[in-house]
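Enquirer: sequence plus the predicted model coming up.
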Number of protein chains: 8
Amino acid sequence: MPDQLKHLLHQVAAGDLSPEMAYEQLKSYEDLGFAKVDYHRVRRKGFPEVIFGSGKTADQIVELFKRLMTQHKIILATRVSKDKAAAVRQSLPELSYDHTARILYYADKPLEPRTKGAIGILCAGTADLPVAEEAALTALAMGNRVKRFYDVGVAGIHRLFHHLEQIKQCRVLIVIAGMEGALPSVVGGLVHQPVIAVPTSVGYGAHFNGLAPLLTMLNSCSSGVTVVNIDNGFGAAYSASLINQLGEE
Amino acid sequence: MPDQLKHLLHQVAAGDLSPEMAYEQLKSYEDLGFAKVDYHRVRRKGFPEVIFGSGKTADQIVELFKRLMTQHKIILATRVSKDKAAAVRQSLPELSYDHTARILYYADKPLEPRTKGAIGILCAGTADLPVAEEAALTALAMGNRVKRFYDVGVAGIHRLFHHLEQIKQCRVLIVIAGMEGALPSVVGGLVHQPVIAVPTSVGYGAHFNGLAPLLTMLNSCSSGVTVVNIDNGFGAAYSASLINQLGEE
Amino acid sequence: MPDQLKHLLHQVAAGDLSPEMAYEQLKSYEDLGFAKVDYHRVRRKGFPEVIFGSGKTADQIVELFKRLMTQHKIILATRVSKDKAAAVRQSLPELSYDHTARILYYADKPLEPRTKGAIGILCAGTADLPVAEEAALTALAMGNRVKRFYDVGVAGIHRLFHHLEQIKQCRVLIVIAGMEGALPSVVGGLVHQPVIAVPTSVGYGAHFNGLAPLLTMLNSCSSGVTVVNIDNGFGAAYSASLINQLGEE
Amino acid sequence: MPDQLKHLLHQVAAGDLSPEMAYEQLKSYEDLGFAKVDYHRVRRKGFPEVIFGSGKTADQIVELFKRLMTQHKIILATRVSKDKAAAVRQSLPELSYDHTARILYYADKPLEPRTKGAIGILCAGTADLPVAEEAALTALAMGNRVKRFYDVGVAGIHRLFHHLEQIKQCRVLIVIAGMEGALPSVVGGLVHQPVIAVPTSVGYGAHFNGLAPLLTMLNSCSSGVTVVNIDNGFGAAYSASLINQLGEE
Amino acid sequence: MPDQLKHLLHQVAAGDLSPEMAYEQLKSYEDLGFAKVDYHRVRRKGFPEVIFGSGKTADQIVELFKRLMTQHKIILATRVSKDKAAAVRQSLPELSYDHTARILYYADKPLEPRTKGAIGILCAGTADLPVAEEAALTALAMGNRVKRFYDVGVAGIHRLFHHLEQIKQCRVLIVIAGMEGALPSVVGGLVHQPVIAVPTSVGYGAHFNGLAPLLTMLNSCSSGVTVVNIDNGFGAAYSASLINQLGEE
Amino acid sequence: MPDQLKHLLHQVAAGDLSPEMAYEQLKSYEDLGFAKVDYHRVRRKGFPEVIFGSGKTADQIVELFKRLMTQHKIILATRVSKDKAAAVRQSLPELSYDHTARILYYADKPLEPRTKGAIGILCAGTADLPVAEEAALTALAMGNRVKRFYDVGVAGIHRLFHHLEQIKQCRVLIVIAGMEGALPSVVGGLVHQPVIAVPTSVGYGAHFNGLAPLLTMLNSCSSGVTVVNIDNGFGAAYSASLINQLGEE
Amino acid sequence: MPDQLKHLLHQVAAGDLSPEMAYEQLKSYEDLGFAKVDYHRVRRKGFPEVIFGSGKTADQIVELFKRLMTQHKIILATRVSKDKAAAVRQSLPELSYDHTARILYYADKPLEPRTKGAIGILCAGTADLPVAEEAALTALAMGNRVKRFYDVGVAGIHRLFHHLEQIKQCRVLIVIAGMEGALPSVVGGLVHQPVIAVPTSVGYGAHFNGLAPLLTMLNSCSSGVTVVNIDNGFGAAYSASLINQLGEE
Amino acid sequence: MPDQLKHLLHQVAAGDLSPEMAYEQLKSYEDLGFAKVDYHRVRRKGFPEVIFGSGKTADQIVELFKRLMTQHKIILATRVSKDKAAAVRQSLPELSYDHTARILYYADKPLEPRTKGAIGILCAGTADLPVAEEAALTALAMGNRVKRFYDVGVAGIHRLFHHLEQIKQCRVLIVIAGMEGALPSVVGGLVHQPVIAVPTSVGYGAHFNGLAPLLTMLNSCSSGVTVVNIDNGFGAAYSASLINQLGEE
């Protein structure tokens, strides 16, 4: 920011830029009252603001989509329940909804991967699918090629080994597991790709809604493993996309 | 007890046993003031009372050994620090001390396995050795054949596979791990032996002194895994011995 | 695995086995898309894959049963609610459902114990019955003789003593308790059988959904007690079955 | 207080009491700067203020004893380490110190029970002795007859039954246990006396410095059990004394 | 028990008692399959077994009442929801139900206090009433005189002082509080009665369903305070009754 | 109180005040049975008692409003659900209800700020609005000018900087955030106003219903930040009002 | 910042300010390598940067004092142990050290209060003194009049009432308590000043190093109470100073 | 592995490879008894096994270095205390030791970056330096260019903005913070690089040894942030290196 600022100041001093215009360049959002739409996020972060659907009303989501659709070609809303999605789509029938991923989204054309490198998404069990698909759809929406390796948990570890060569051909891996969450450690010990581990809330008793696999993953004895919040498929895919696209440069 | 009691009552009724003698048969410990030595434990549990050394003074340990040595041929005291062991052995030089296992013990002859079947002891990392050796020495003292498979953690899982056939020849397995504690799940998915998992306090940060691997093991998605307290190598070996000796019958 | 591998390699070198056939021997599951059915588990673990019903749809459970029924004679699905069970049985009326145990299962003939030795199942209170019955039915399905000792909690400890001799005739014990979970410690102090302790979520307030009895059982001062996850009657029975059948050899 | 106040107001109105005197009756402590000595506590609570030694300097403890000794015949300071006690006794050699109970105290004559009824103090293991003796000495200092039943933990429950009749002759019971803390539940199921349960910090791993037995005791399925803080032998004895002396009336 | 046993043995030896009769004296419960009714509890504990309604079906509660009604004149079932109570009363219209206390009970005649001394029940706020009334009705059913002091929390402490003299005339106090749970400490500092503190689940956020007031009460700096589980009005009243009736002797 | 008491005592001694009148001055609440209405709170605290609606029935709320309306001109009930508010307003149609803030209130005239200084209310995201509005309406009801700065979370920090000068013109700030709760630290580093931080329960997974932002705020490295309970918009506004009105003096 | 920026931009446009000078106005700290000394904090926050002594070496503290002493007249370093303070003072003998408060500080002249209004500091017990004195010295260094009310905990609540009138004459209160931390709730119910509550780590067992009083204070049922981190006397005084000085305006 | 296996099998079938040689290719570690040195890790993971120094003796570390030095040119041992490092270097004087990073390492030539892209390491405060330097030295040892931005915490956020352009020129960022851990969220909101967040144990009270910033970072509302264990500078650098080197391809 200082350099940008210095540059701006020199432009203003040189008369190349009016003070008003300089100031306007910092104005980067629109105030809807209940929210401030962040138009510049695409410039700062490389992808437009994503709507976190949980805790917002259908009306608020409609409004946010409408504003963001004036500026962007792909817009995601995550954690949108089936019923809320239906309500939003009554106003905005051009939106698509993925039931498993619980993502409501707008895309001006069908989603297609733009990258050569792929993000591999592994999950340990069938019940982890919603988190895995949230990650997969997010990754695709951000332009990434995605490869899925589902139900490869450690209770039947040969299923993992069977796919190991394909897994190693991905550029970055998202490894999702509930229960005890051991899969990222095992994968991390076998590959040289960055691994993003996602604990899920799938389990019971001393699982404490995801605390158990979260701690497992944070304490992984395998190197190259980082962790996101419980059930945060979106966040894992966002980071994985940043990493995958570094490899494209 | 009811049957034993009925029998006793009939003996008394028949005059085969005096009431005093009947009563005496229930008196099964000696009162030292600071402790009640439980002589009958060997009858109830199949192994004499084991002294938990932590929190007892050297003098108390000496006294307990002296009394138990009048009745038993093998006596263990666990969690005895090096210094405390030295102090005890000044009074009782016939005791042996294992530095890694932190066990002080009396045995009237060299410890030797009596079972055909073996208890396999696996541990994930070098720092888990004290717990593994506490288990190994306890198991041996209880008469079991012991096989050690150390440093076979999931970060280099080929080390585990290399020993898998030998591991499968044991009758029961003790699997010890700190850090994220994933090893019992991986082992549990590969074998049909009962697995007793032991979390250790080896780790840092979100490990919370063993809470992380404890939760991992309790949530294991592999069947056939049960768990003992953090660092409880003794307890794991005690249970493993009961199980191994079932197989001898 | 190395020995199996060596053997395979020699067979291939000797021309006794084609490389393709050798490779095929490692292929041991079927990919349904949402799940990979693990046909080899019976070979690795001695019992076919068990369906964890919680978090799976009725359709997924139907599909899994259909595939597993092509290979196995007894198949269990645990944690299946009454409604989900009814939905599954519309497609597969040959399945049975136990309301208390919440287990849906297929058996080609009536379940009967094959072992001489029995697994004793003790529970502290009436509210622990669903966990106890999950254990009992699992144990029976795995071929074990089962003896039930229900409502023998420590608040009326004479009820326990009354059955003690019968309890001592079992080969391995599953001891289930909610509230403060003291029963496994008391039982563990009286018997020489391996005890598998199961904390339940029955309680309120500082019970924290089973945390209190879980900690109680992990800290048991009685030897020979190992622990499984809260409410995990299935897991306790699985381990107990492995142990009981060691005694049959 | 309102009634006392009304009475005072009437006395003042009647001229029987000067406003100053009335006011003085509410002044009930002395200000030492670092502490306000509470002389009225004996009137409000039936026993003088007890010095909590932990976190106070030897000098502060000396000063507090000196002031309280001007008013009271028995004064206790709990949680006083051996070294701190020695330092205090250099200034006040008339004080006594109990090493096990870690209590430093002043008594104008030897401590003797004044009650007919007894407080029974049970503890589960040898390592719980300091807490048990803190309770015993506190109870005696408050004038109670005390009966000790030590090392009667549930791992060898016959030791408890052997003393049951004597235990039942006490008026109130303090039951102290570390590890899993099951003893109060077992005792509470067998007697009709009020039971005050004291968890201790004796244990390791998932014991969490006393959390495990604390939760056990709070969730006791036996009626008539109340609980005090971990290691709080003093508090248990204080309540037990209030209860025991109700029985004397 | 040993003494009782000795006596029995001598009776048997003297021929005054047949072995069968002696044995029968230890048989003290009836087995309903799902539960073992404990008829001797009234002898051991001074009050018949109380039915914990939560987690039992209406049918199970009906059955338990029927059996207990053959032996006892007052029977309580706690934690019975309005709907479950209605279902039970269809079979057993002679039962009474208290909506606030959530207690369903049988009494052969109207409940009346038998003690001279009273149990004082204080609660901090209106939302704590169900717990307070559970305590009050339990205390009354056990024959105690009860005095209620409701809504006397520390935010308006003058309301407490206004009743202080009446409070001091009770023999034992139950002090109930949610939120921060400070009331027992304040009361404990002002009176010389035993105080039984009951934390409630009334609160939000960092209250953690009663953990906050539970910790407050366990750490009370006032002497003479013991604690029961969160919302356990029944348990507090049970202990208070034992204490109050000591004062009657 | 002592000084007030001294004065009263002198008045009584001088005959200027009857003892009965003096006593009456301390009687400051009305007993409704289920609650004691605290009329003096306005004198002690500067604002009448506020009804905490959660856990009270509509009938109890009606009764409390009726009594308080005899004495006060503004009365608030917080945490009142939409349905409960409707039920109360059937009896008391003169009450107003704010849906976002979940506050039901009585005001004898429209609410208007009386202070020159303003309380600034910042919140991080749209989902925090209910807490923010609970704070805003409480602050207004207590007579404060309020300025809102919503949706200024750290993910788009330029939105915060854009309003920084306006924010600095407030006298005291309430900063509300869910998720990781970083906003109070950032604001606290930029301003010299007292900051009251409010964590909210908005989040998922390792958020633990507000524990995460609560800890964040308690550990703030910025000076001048104090914290209230999770979702406690009312409490933040109450303290902010006390502070804002200090600046009016 | 935007407004400041606009102004700067106009100045640059008008030629009143060179771009370099404008840029320099944002440069507000000095880089020592291991730290960046924040000279502008006094402008942003009204008081210079305070050194947090814990975890810094004596050499680092010396260096930081030297730099800050070139700019400021009063500089504090908190949490400085006795030994570290001595080491720093060997280099900088002009610094003062307060043993109880553990604060090392520089002041160009004796510390004196500049405000009319006072900050009242209350603490519950003698062991809380270090936290209380950290607050007192910080408040004084920031120019505030300070009044101390120590050892006024709820176990002897008359000591609090005795000082209530003096307490009410302060403008803002800091209330410090360990153990169960009930004092702020009691004080908060009696006064109309803002109360800043400070939990301390003084306690044992279920106190969990300050967690118990922290939760107590966050759940206070009294209005007008905000909370800072455990043992954070400095933070409480900093906020109290901001509030007190609002009243001076 | 399957593909590698197929290839091997075909080689063996073709006689190009003896079964023994094929088998040998899977033997990839050396057994030291207390540890199994994993020579293949460099092949699997791209970097040789790193010695975790904590919990290993100096002798064990010497032995591990000796073996690894036969195979690799750079070897790290992390978490080595000053004293242990000195002991190891007596045997192996060719090792270097970094006091701040607590890393002992062997390098056959001076460490030099090989990448064009840089890893940026930001830390919030001076006390976080050991973690930051552990990350920096690890990153350098793995061949990465490193840029340090220290002491840029949110309490003085202008220090961060001053370096923002330089920060944005890095390819991946490691952001380290103790206390409330807000820095990664703020950074994550401003940049489009992948951010690896490292909580540290620097803090006190409700910090719970790093739990507070850990939760903060896991709940970050900024996208593109993943998290490693508390104080795990090594792990963050390892992942950052994998990511940075993707950008080199």
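Expert: Cool, the structure landed.
Enquirer: how near is residue A:158 to residue B:189?
Expert: For residue A:158, the distance to residue B:189 equals 9 Å [C-beta to C-beta, to the nearest Å]. For the C-beta atoms, the positions are set from N, CA and C on the backbone; glycine is no exception.
Enquirer: ok, the two, which is more surrounded?
Expert: When neighbours are counted by other C-beta atoms under 10 Å in any protein chain shown, residue A:158 and residue B:189 differ, and residue B:189 comes out ahead with 25 against 20.
Enquirer: quick check: residues of chain A near chain D?
Expert: Within reach of chain D by C-beta under 8 Å from any C-beta of the partner chain, chain A has no residues at all.
Enquirer: which stretches of chain A form strands?
Expert: With strands called from DSSP state E, chain A shows them at A:29-31, A:36-38, A:51-52, A:74-78, A:96-98, A:103-107, A:118-123, A:145-149, A:172-177, A:195-199, A:225-227.
Enquirer: to residue F:94, which of those lies closest?
Expert: strand A:29-31 (35.0 Å; C-beta to C-beta).
Enquirer: what mean pLDDT does the closest one get?
Expert: Here strand A:29-31 scores 60 as its mean pLDDT.
Enquirer: that older thread, pick the most buried one from the strands of chain A.
Expert: Across these, averaging neighbours per residue (mean count of other C-beta atoms under 10 Å in any protein chain shown) puts strand A:195-199 on top, at a mean of 32.
Enquirer: hmm, that one in reach of chain H?
Expert: Yes - Strand A:195-199 is in contact with chain H by C-beta under 8 Å from any C-beta, via residue A:196.
Enquirer: how confident was the prediction at the closest residue to residue A:214 other than its chain neighbours?
Expert: Leaving aside its chain neighbours, residue A:214 sits nearest to residue A:199 (4.2 Å; criterion: C-beta to C-beta, 6 or more residues apart in numbering or on different chains). We have a pLDDT of 97 for residue A:199.
Enquirer: out of the strands of chain A, which is closest to residue C:195?
Expert: So among the strands of chain A, strand A:172-177 is nearest, using C-beta to C-beta, at 30.4 Å.
Enquirer: how distant is that closest one from the center of its chain?
Expert: Distance, stretch centre to chain centre, for strand A:172-177: 13 Å (C-alpha atoms, centre = their mean, to the nearest Å).
Enquirer: what's the residue lying closest to residue A:129 once chain neighbours are set aside sitting at in phi/psi?
Expert: Take residue A:129 and drop its neighbours on the chain: the residue closest to it by C-beta to C-beta, 6+ apart is residue A:100, 6.0 Å away. Residue A:100 adopts backbone torsions of phi -70, psi -50, taken as degrees, to the nearest 10.
Enquirer: re earlier: reformat the strands of chain A as TSV; add distance to residue H:235.
Expert: Below are those laid out as TSV (distance: least, C-beta to C-beta, whole Å):
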stretch	distance to residue H:235
strand A:29-31	36
strand A:36-38	32
strand A:51-52	28
strand A:74-78	28
strand A:96-98	33
strand A:103-107	31
strand A:118-123	20
strand A:145-149	24
strand A:172-177	15
strand A:195-199	11
strand A:225-227	7
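Enquirer: closest one to residue G:218 among these?
Expert: strand A:51-52 (26.6 Å).
Enquirer: which non-adjacent residue is nearest residue A:153?
Expert: Computed as C-beta to C-beta, 6+ apart, the closest residue to residue A:153 that is not its neighbour in sequence is residue A:124, at 3.4 Å.
Enquirer: if we can go back for a sec, need the contact list for the residue nearest to residue A:129.
Expert: A:129, A:130, A:133 (C-beta atoms under 8 Å, 6 or more residues apart in numbering or on different chains).
Enquirer: burial measure for residue A:161, as a count.
Expert: 18.
Enquirer: same thing with residue A:15?
Expert: Count around residue A:15 with other C-beta under 10 Å applied: 8.
Enquirer: distance of residue A:53 relative to chain G?
Expert: Distance, residue A:53 to chain G, by C-beta to the nearest C-beta, to the nearest Å: 30 Å.
Enquirer: quick one: pLDDT of that residue?
Expert: 92.
Enquirer: next one: the residue lying closest to it once chain neighbours are set aside relative to residue A:101, how far apart?
Expert: Counting by C-beta to C-beta, 6+ apart, residue A:53 lies nearest to residue A:80, which is 3.7 Å off, once chain neighbours are set aside. Distance, residue A:80 to residue A:101, using C-beta to C-beta: 10 Å.
Enquirer: who's more crowded, the two?
Expert: Taking neighbours as other C-beta under 10 Å, residue A:80 and residue A:101 compare with residue A:80 leading, 27 against 24.
Enquirer: returning to what we had before: top of the contacts of residue A:100 by number of neighbours, please.
Expert: residue A:129 (25 neighbours).
Enquirer: leaving out chain neighbours, which residue sits closest to the closest residue to chain H within chain A?
Expert: The nearest approach of chain A to chain H comes at residue A:226, 3.7 Å away (C-beta to the nearest C-beta). Leaving aside its chain neighbours, residue A:226 sits nearest to residue H:226 (3.7 Å; criterion: C-beta to C-beta, 6+ apart).
Enquirer: could you check the pLDDT of residue A:14?
Expert: Looking at residue A:14, its pLDDT is 73.
Enquirer: need phi/psi at it.
Expert: Per degrees, to the nearest 10, the backbone of residue A:14 is at phi -80, psi 0.
Enquirer: now it: how far from chain F?
Expert: Counting by C-beta to the nearest C-beta, the gap from residue A:14 to chain F is 25 Å.
Enquirer: and residue A:86, by the same measure?
Expert: For residue A:86, the distance to chain F - C-beta to the nearest C-beta - is 21 Å.
Enquirer: dump the residue contacts of the residue of chain A found nearest chain F.
Expert: Closest to chain F within chain A is residue A:230: 3.0 Å, counting by C-beta to the nearest C-beta. By C-beta under 8 Å, 6+ apart, the contact set of residue A:230 is A:198, A:199, A:200, A:201, A:209, A:210, A:211, A:213, A:214, F:204, F:205, F:206.
Enquirer: just give the nearest non-adjacent residue to the third one, would you?
Expert: What sits nearest to residue A:200 in space, not counting adjacent residues and going by C-beta to C-beta, 6+ apart, is residue A:178, at 3.9 Å.
Enquirer: residue A:233 and residue A:129, how far apart?
Expert: In terms of C-beta to C-beta, residue A:233 sits 10 Å off from residue A:129.
Enquirer: residue A:198 and residue A:173 touch, don't they?
Expert: No - with contact defined as C-beta atoms under 8 Å, residue A:198 does not reach residue A:173; the gap is 10.8 Å.
Enquirer: returning to what we had before: give the bridge partners for the residue of chain A closest to chain H, please.
Expert: Taking DSSP bridges as the rule, residue A:226 bridges to residue A:196.
Enquirer: neighbours around residue A:70, how many?
Expert: Counted with other C-beta under 10 Å, residue A:70 comes out at 9.
Enquirer: can you check the one 3 residues further on too?
Expert: Residue A:73 has 10 neighbouring residues, counting by other C-beta under 10 Å.
Enquirer: just give me the neighbour total for the closest residue to it other than its chain neighbours.
Expert: Spatial nearest neighbour of residue A:73, excluding adjacent residues (C-beta to C-beta, 6+ apart): residue A:108 at 4.5 Å. By the criterion of other C-beta under 10 Å, residue A:108 has 10 neighbours.
Enquirer: perfect, I'm done here.
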